[in-house]
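# would you be able to build a 3D model of this:
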Amino acid sequence: MNSRRDYRGNRAALFDGIEEGGIRASSSFSSHEIDEHENERAIDGLQDRVNVLKRLTGDIHEEVESHNHMLDRMGNDMDSSRGILSGTMDKFKMVFETKSSRRTFTLVAAFVVLFLAIYYLTR
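Reported below is the predicted structural model:
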């Protein structure tokens, strides 16, 4: 009877809390080996999944970095374009304020005709 208590005590020490987590400990040695083999396969499967997720997150990180770089360049280009356009608008304002209305109308008409000509040539 004492050896039975030792068996239960050893079993409780080895599998303390494992049975509660859903894994059943078997009393036969071959079943234990099978469980260990299944656990090893499950661990290998999980490690493969972790490696795939790690590569995927690395690829996502690289893609995000490249998009951030592209957006930064686009923002800088927009800022420089805004500066050029504001300078052009300032020049237009100066022309419209100092010239007569006839010359202003001629200038605007010439720009519209030039724009339409370029539009139809590139189309």
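
# quick one: the helices in the protein?
Assigned by DSSP state H, the helices in the chain fall at 2-14, 29-98, 101-122.

# same list, those helices, but as a markdown table with mean pLDDT and mean neighbour count please.
Where you see a C-beta, it was placed from the backbone N, CA and C, and this is true even at glycine. Formatted as a markdown table, those follow (pLDDT from 0 to 100; neighbours: other C-beta atoms under 10 Å):
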| stretch | mean pLDDT | mean neighbour count |
| --- | --- | --- |
| helix 2-14 | 51 | 9 |
| helix 29-98 | 87 | 10 |
| helix 101-122 | 86 | 10 |
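
# distance of Ile34 from Ala42?
The gap separating Ile34 from Ala42 is 12 Å, by C-beta to C-beta, to the nearest Å.

# actually, Phe111.
Going from Phe111 to Ala42 by C-beta to C-beta gives 73 Å.

# do the same with Leu85
Distance, Leu85 to Ala42, by C-beta to C-beta: 63 Å.

# one more: Ser80?
In this view, Ser80 and Ala42 are 57 Å apart by C-beta to C-beta.

# with Asp59 instead?
Going from Asp59 to Ala42 by C-beta to C-beta gives 26 Å.

# one more: Phe105?
Distance from Phe105 to Ala42, by C-beta to C-beta: 82 Å.

# cool, Asp72 as well?
With distances taken as C-beta to C-beta, Asp72 is found 45 Å from Ala42.

# now do Val64
With distances taken as C-beta to C-beta, Val64 is found 32 Å from Ala42.

# do Phe92 as well
Taking C-beta to C-beta as the measure, Phe92 falls 73 Å from Ala42.

# swap in Val113?
Taking C-beta to C-beta as the measure, Val113 and Ala42 are separated by 76 Å.

# then Met74?
Taking C-beta to C-beta, one finds Met74 at 47 Å from Ala42.

# same question, Leu53
Leu53 is 16 Å from Ala42, by C-beta to C-beta.

# can you tell me which residues contact Thr57?
Thr57 makes contact with no residue, according to C-beta atoms under 8 Å, 6 or more residues apart in numbering.

# from here on, count from 15
In the new numbering, first residue 15, that becomes Thr71.
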